[in-house]
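In: coords please:
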Amino acid sequence: MAKAGKEAKVKVGSDDMGGSSTWGFTPGTTSIDITAHQDGYEQILMLFKNGAGSITAFYDDTDAAQKAMIDAWDSIITVELNLYLDDVNYLSFNAYVMDMGFSTPVGGAVTVTFNFRASSTMLLCLEGLRMLQMVIVAKGCGDFTSIQAAIDSITDASESKPYIVLVGPGIYAEDIITKAYV
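Out: Numbering: from 1, shown residues only. I've put the predicted structure just below:
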């Protein structure tokens, strides 16, 4: 299932990439869990793994997001990417910049293309949608940035109302104490 965004927002860390960005990616595997409930409501959780793709934008040497991508390629480090499907819904993941290139059509503006490979699970962040009794921990689209803070926020978990704590891409250096039904 290939996905793409044309004139779509791209964020690298907390920085927006300018220059009328376009992006595309193809996930290697997709994990979908659908749970049907007694009231007829279906919960859907979707994660993508091992994806690869590209981002193209008009080159701007003052653009912090483009600079972060160039630095990631040069230093062989990951960057946090958020690829927007629309104004609020996006994919969030860490990625390596595998290749990059510049092109200049005759009489046109310089464009830069970054080819990337995901180094973490891609989390589909849907604004306002909670597919389960769920608390999301993620640096870009989560309810919390700490796993323990997410667990501590759950006060009504029970056998009939279990919770899932979904952890997005990133490094979380913390001790975790779990609760029943979480």
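In: Identify the residues contacting the longest helix along the chain?
Out: With secondary structure taken from DSSP state H, the chain has its longest helix at helix 64-75. Helix 64-75 is contacted by residues 10-13, 15-19, 55, 57, 59-61, 77-79, 96-100, 112, 114 when judged by CB atoms under 8 Å, 6 or more residues apart in numbering. (C-beta placed from N, C-alpha, C; glycine too.)
In: Please tell me how far the most centrally placed residue in the chain sits from Thr22.
Out: The centroid of the chain falls nearest to Ser92 when counting by CA atoms, centre = their mean (0.3 Å). Plainly put, Ser92 is 18 Å away from Thr22 if you go by CB to CB, to the nearest Å.
In: and what of Glu80?
Out: From Glu80 to Thr22 the distance is 19 Å (CB to CB).
In: neighbour count winner among those two?
Out: Relative neighbour count places Glu80 above the other of Glu80 and Thr22, with 21 against 17, counting by other CB atoms under 10 Å.
In: Just grab the bridge partners of that one for me.
Out: Asn94 (DSSP bridges).
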